[in-house]
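Peer 1: Just a sequence and a predicted model for now, questions to come.
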Amino acid sequence: MGRMTLPRLPLTVGFDLDMTLIDSRPGIKAAYEAFSAETGVAIDADLAVSRLGPPLQHELAHWFPEEEIEQRVAQYRALYPTYAIGPSLPLPGARDAIQAVHDAGGRTIVVTAKNEAHAKLHLTHLGIDPDAVIGGLWAEGKAEALREHGASVYVGDHVGDVRGAATAGALSVAVATGPCDETELRAAGADVVLADLRGFRAWLEAYRSAGRP
């Protein structure tokens, strides 16, 4: 009797957003400066944008007492569309990375700690068109969406993204375009480290040629 052949799952690749697909530092800096002016609290916007990745609550905890965080998150997010969307730019290779997955017959999802509505605003503004966007998930929490969508690869710039991929059982492809350098990403367990997404298409083609799903 012949051996049963299981159906091959479609390729699904997850991507982080900030500092993986988009350079949101100019926009977030502008949003923090407006937020600082509105609240009267001195916030070092350059410092804040140097450590993007974790949820907004983590950053605001450096500037506000714990009991104010929920209120300040809402206040900051009300300002965000006005100040942060326009100045933010796609990172090199971002659009082509999404297209490379689609050219391979696969699906792309964006899984980010950013709230979903603002993530979608960024992507629409920049003409980057993944198949799904899931917001509000950080580090190991990203595994929830990666598993739900059957992602076998997750691409991110932060050690938290590496942990999220590992928790989901996905291959971790890291890009050294964010706050974590290649050494940190490899030490965290990244399976692949690219300088930026311009190398993603060639990597994906080699990965597929090796018979990976």
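Peer 2: In hand now; what should we look at?
Peer 1: quick one, helices of this protein?
Peer 2: Assigned by DSSP state H, the helices in the chain fall at 25-39, 45-49, 56-60, 69-84, 94-103, 116-126, 143-148, 159-168, 182-188, 200-209.
Peer 1: So which residues make contact with the last one?
Peer 2: When you say that, I think you mean helix 200-209. With contact meaning Cβ atoms under 8 Å, 6 or more residues apart in numbering, helix 200-209 is reached by 11, 13, 93, 96-97, 100-101, 104, 153, 155, 173, 175, 192, 194. Any C-beta I mention is one placed from the backbone N, CA and C, and that applies to glycine too.
Peer 1: buried ones in that helix?
Peer 2: Of all the residues in helix 200-209, those buried under the rule 16 or more other Cβ atoms under 10 Å are 200-201, 203-204, 207.
Peer 1: which one of the contacts of helix 200-209 is nearest residue 131?
Peer 2: Within those, proximity to residue 131 (Cβ to Cβ) peaks at residue 101, which comes in at 9.1 Å.
Peer 1: Could you report the pLDDT at that closest one?
Peer 2: Turning to residue 101, the model gives it a pLDDT of 98.
Peer 1: Now for it: which residues touch it?
Peer 2: Counted by Cβ under 8 Å, 6+ apart, residue 101 has contacts 11, 13, 107-108, 204.
Peer 1: so where's the chain shaky on pLDDT?
Peer 2: 1-9, 212-213 (pLDDT under 70).
Peer 1: quick one on the thing from earlier: could you work out the most separated pair of the contacts of residue 101?
Peer 2: 107 and 204 (13.2 Å).
Peer 1: Contacts only, for residue 119.
Peer 2: Counting by Cβ under 8 Å, 6+ apart, residue 119 has contacts 17, 110, 112, 133, 135.
Peer 1: Not counting its neighbours along the chain, what's nearest the fourth one?
Peer 2: Translated: residue 133. Excluding the flanking residues, the one nearest residue 133 by Cβ to Cβ, 6 or more residues apart in numbering is residue 110, at 4.7 Å.
Peer 1: what bridges to that neighbour?
Peer 2: residue 15, residue 133 (DSSP bridges).
Peer 1: Outline the domain layout of this protein.
Peer 2: According to automatic domain parsing, the chain comprises the domains 12-23+89-208, 25-84.
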